[in-house]
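Trainee: Give me a 3D structure for the following:
(2 chains, ligands or ions: 1)
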Amino acid sequence: MGLVELNDFSITPAGGHQKDGAVGLVMANLSELVGWGRKYSLHPLLFGLACCAIEQISAGMSRFDISRFGAEVFRASPRQSDLIIISGRVSNKMAPVVRRLYDQMLEPKWVIAMGDCASCGGPFNNYAIVQGVDKIIPVDVYVPGCPPRPEALFYAILRLQQKVQKFGIGEREG
Amino acid sequence: MTDLTYDKLKANFPDAVLGKEDFHGETTITVSPDALLKVAKFLRDDPELRYNLLLDVYGVDRMKLGQSPRFASTYELFSVPHARHVRLNVPLKDVGGGQEETPQVDSVTGIWSTANWLERETYDLMGIEFKGHPWLHRILLPQNWVGHPLRKDYPIGGEPVYFTADRDNPRFAHLGKQIMDVPAFHSELEDMDANGHLVINMGPQHPATHGVLRLAVELDGERVVSCKPEVGYLHSGFEKTGESIRYEKFIPYCDRLDYVSSMSNNLGYVMAVERLLGVEVPQHAQYARVILTELQRIASHMVWLGTHAMDVSGTIHALLMYAFYWREQILDIFEMVCGARMTTSYFNVGGLRWPLPGAFEDAVRHFLKGFPEVMKDFEAMLTDNPVWRARLEGVGVLTAEEALDLGVTGPLLRAAGEPFDLRKVKPYSSYDHFDFDIPTATEADSYARYKVRMAELWQSLRIIEQGLEKLGKGPHITDDRKVALPPRDEISTSMEALIHHFKLVTEGFKPPVGRVYGMIENPKGILAFGLISDGSAVPYRLRVRGPSFVNLQATDLMARQGLLSDIVTVVGSIDIVLGEVDR
Ligand code: SF4
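Mentor: Numbering: from 1, shown residues only, chains lettered A, B, ... in the order given. All right, here's what the predicted structure looks like:
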């Protein structure tokens, strides 16, 4: 699973102009084109839970720079975002809020569970923490680590982009 | 020294004082619950005692200690003028056996306002009722929660996690589909005038609340009438978890309390355990600890500076980038030292987990060379910036008296003119070998806090520089084989070392019976760990006092009569981390 697989869709320009960079005439399948557009313009929700959120912020800062992957526009409102990164532990008190935020996002929407806590409860297997955010919302990509490094988050975003590409225009199932 | 406290109490309240215990330099005075209010008031007001800072209130369920009565509440007091610490232990009357028992005690909120949240927390987690408390409701757990988790007969909870879940398996059919019911959690909304005023809700998902904090704000026009924080959205059961694992296994957990200052949290915890065990830490390790915690202070202040500047102005995004860039330089040093960027767990009971790497000193020197230039840039960007000043000056004033009453410590207290810093007042880890100042300011507003924190950064640089000179070479961990693992080569040659190794790994160390309260000066205020040992390898009671939690309580007072937009300034200038608020 390397870059080859990640580049499973590309736009092949037809009709010359390759040297000067102009695309000219483009022939593409509409659903692939929509997927291509979506995957490079993910708008994550500006939302952090715990320690992993600090690594999420680091990922947005100059050193790691999440905008290289087209996902830097963090939106403060769930209604403007299509990706929620659950970056931290979800407590029983927070769980309904997370669920509501997810419900408020418009389709199509995706979820990354960042870190052990969001994936499975992590070190906190106790009364207070929901053992994995997939108990309340469907998760697309899980990122292991406590906290995962920003690079790990980027890898998750790349994998998600792959998924978004395949998703097409249609309705999300389930 | 603290004998004075006991003698005075004994002389004034002969019937109320039930006993006294000394353990490793700390005094616990047992007081009868009926006289608690009188004793507390006396301790606060007597000019020779002046215990004006209530650090902590927590409950102890002594069910498995075999002591009677079952519940006791504990008050950690500190006298700022006399630099003295004492603990009041108040055994509560048995209200009869059975599950339903709710022990009662008088609330001390009338004497120290900080008790408000601390008592609510004790009520929430331990089920002790405080008579006369202004608003005794759950604070960390949802209002409809059943039971009190820190009681010893409450199971730790949790569930097995299946790592091979596949969505076709009917056992996991519910995953992602289960809609939780969303009850509306009222914070102290009942007191608010919802008809005459506008009540708005900020958070728990809000870009300027620094995490999952919720504020219920009552507004008259744009003026804030009251601003009630609702916390607990990140409650993770640290204390309960800590009471179920061995002492040394809690070290990684403290990284996750205030996750932007993990080194300092580690230091606070291991020092509390060391006090309990009575082990000495080698000098080299002490200096290394100082250097690393001061680096951590800088990193933590960088997070504060960047986010605060961005919250307040909305446009100084570049400053956030610079601040995080320099934080990354520190994280690189940490990574070199221990392999992790944020969750370091580098300090071990008795010293450091492993020796400092060879390139450590050069890396720190390199940082020391570059950072002062950036500090000057930061100050040039902000100190006289008219927008910055307009948004900060006169906003969120908290006088020293109010701060002490509310238990507020750290830069907030020092910005109100009280030069109270544990590194000077009760030096730990050889801080007394260092030459540094405690920056203070008198204006007590957000701008003063900004100035104090900036000055602290300069002082941290001074400390690190001196630390590098003193560091030298030496053992990185104590040679007390009952506490620290023997070195690898010793294990292959000495049977005794092998036995020690085996014992430590399989059983852990067993501190003597006793209790300690270890405090350190974290970037955000006084962080404290209370430990009660029953002689086993697992702490009987583990208490965490998070400075953010206590400081956050001042939001209401600081935001009142200000503008709605100033709330962002106030929250930013308190500098909270929700992991530590909610624990
Ligand atoms: S996975 Fe680790 S770093 Fe992330 S929120 Fe959980 S405890 Fe914190």
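Trainee: How far off centre is stretch B:245-260?
Mentor: 12 Å (C-alpha atoms, centre = their mean, to the nearest Å).
Trainee: Run through the residues that contact the residue in chain B that the ligand sits nearest to.
Mentor: Per C-beta to the nearest ligand atom, B:R256 is where chain B lies closest to the ligand, at 4.4 Å. For the C-beta atoms, the positions are set from N, CA and C on the backbone; glycine is no exception. Counting by C-beta atoms under 8 Å, 6 or more residues apart in numbering or on different chains, B:R256 touches A:A50, A:C51, A:P123, B:S236, B:S262, B:T343, B:G579.
Trainee: Out of those, which are close to the ligand?
Mentor: Restricting those to those near the ligand by C-beta under 6 Å from any ligand atom leaves A:A50, A:C51, A:P123, B:T343.
Trainee: Please, a ChimeraX command that selects the buried ones among these?
Mentor: Only the buried entries of these go into this ChimeraX selection, using 16 or more other C-beta atoms under 10 Å in any protein chain shown:
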select /A:50,51,123 /B:343
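Trainee: Using JSON lines, lay out the ones next to the ligand among the contacts of B:R256 together with secondary structure.
Mentor: Output for the ones next to the ligand among the contacts of B:R256, formatted as JSON lines (DSSP: H, G, I helix; E, B strand; the rest coil):
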{"residue": "A:A50", "secondary structure": "coil"}
{"residue": "A:C51", "secondary structure": "helix"}
{"residue": "A:P123", "secondary structure": "coil"}
{"residue": "B:T343", "secondary structure": "coil"}
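Trainee: can you give me the strands in chain A?
Mentor: A:13-14, A:25-26, A:83-87, A:110-114, A:141-143 (DSSP state E).
Trainee: Export these as JSON lines, with columns for mean pLDDT.
Mentor: Shown next, in JSON lines, are these (pLDDT from 0 to 100):
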{"stretch": "strand A:13-14", "mean pLDDT": "56"}
{"stretch": "strand A:25-26", "mean pLDDT": "70"}
{"stretch": "strand A:83-87", "mean pLDDT": "91"}
{"stretch": "strand A:110-114", "mean pLDDT": "91"}
{"stretch": "strand A:141-143", "mean pLDDT": "91"}
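Trainee: Tell me how many other residues crowd the residue in chain A positioned nearest to chain B.
Mentor: For chain A, the residue closest to chain B is A:Y127, as judged by C-beta to the nearest C-beta, at 3.1 Å. As a burial measure, A:Y127 scores 21 neighbours (other C-beta atoms under 10 Å in any protein chain shown).
Trainee: right, and it touches B:K240 too?
Mentor: Yes. Using C-beta atoms under 8 Å, A:Y127 is in contact with B:K240, at 6.9 Å.
Trainee: Give me the common contacts of those two.
Mentor: With C-beta under 8 Å, 6+ apart as the test, A:Y127 and B:K240 both reach B:P149, B:Y154, B:I156.
Trainee: Identify the residues contacting residue 55.
Mentor: As the question left the chain open, I've gone with chain A. By C-beta under 8 Å, 6+ apart, A:E55 lies in contact with A:S87, A:M114, A:P147, A:P148, A:R149, A:P150, A:L153, B:R341, B:M342.
Trainee: my bad, the chain I had in mind was chain B
Mentor: Counting by C-beta under 8 Å, 6+ apart, the residues that B:L55 touches are B:E76, B:L77, B:F78, B:G407, B:Y517, B:M519, B:I526, B:A528, B:R545.
Trainee: would you turn these into JSON lines with neighbour count and distance to B:F250?
Mentor: Below are the contacts of B:L55 laid out as JSON lines (neighbours: other C-beta atoms under 10 Å in any protein chain shown; distance: C-beta to C-beta, whole Å):
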{"residue": "B:E76", "neighbour count": "24", "distance to B:F250": "19"}
{"residue": "B:L77", "neighbour count": "22", "distance to B:F250": "25"}
{"residue": "B:F78", "neighbour count": "27", "distance to B:F250": "24"}
{"residue": "B:G407", "neighbour count": "29", "distance to B:F250": "24"}
{"residue": "B:Y517", "neighbour count": "23", "distance to B:F250": "16"}
{"residue": "B:M519", "neighbour count": "24", "distance to B:F250": "17"}
{"residue": "B:I526", "neighbour count": "26", "distance to B:F250": "19"}
{"residue": "B:A528", "neighbour count": "26", "distance to B:F250": "14"}
{"residue": "B:R545", "neighbour count": "25", "distance to B:F250": "15"}
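Trainee: So which of these belong to helices?
Mentor: Using DSSP state H, no member of those sits in helices.
Trainee: how many neighbours does B:G25 have?
Mentor: Neighbourhood size, B:G25 [other C-beta under 10 Å]: 11.
Trainee: show me the biggest helix of chain A in terms of residues.
Mentor: helix A:150-167.
Trainee: Buried residues, that one. List them.
Mentor: Neighbour counts over helix A:150-167 (16+ other C-beta under 10 Å) mark A:150, A:152-162, A:164-165, A:167 as buried.
Trainee: Equivalent analysis for stretch B:117-135, please.
Mentor: For stretch B:117-135, by 16+ other C-beta under 10 Å, it's B:117-130, B:133.
Trainee: what about the closest residue to A:M94 other than its chain neighbours, helix or strand, and which?
Mentor: Counting by C-beta to C-beta, 6 or more residues apart in numbering or on different chains, A:M94 lies nearest to B:Y233, which is 4.4 Å off, once chain neighbours are set aside. Assigned by DSSP states H and E, B:Y233 falls within no helix or strand.
Trainee: again, but for B:T409
Mentor: Per DSSP H and E, there is no helix or strand for B:T409.
Trainee: Angles on the backbone of it, please.
Mentor: Phi and psi for B:T409, reported as degrees, to the nearest 10, are phi -130, psi -180.
Trainee: Run through the residues that contact it.
Mentor: Applying C-beta under 8 Å, 6+ apart, the residues near B:T409 are B:L53, B:A403, B:F420, B:G525, B:I526, B:P547, B:V550, B:N551.
Trainee: got a pLDDT number for the third one?
Mentor: Reported pLDDT at B:F420 in the predicted model: 89.
Trainee: Count the residues that sit near B:N195.
Mentor: Neighbours of B:N195 using other C-beta under 10 Å come to 6.
Trainee: can you check B:K424 too?
Mentor: Residues near B:K424, counting by other C-beta under 10 Å: 16.
Trainee: Tell me how far it lies from B:E456.
Mentor: 13 Å (C-beta to C-beta, to the nearest Å).
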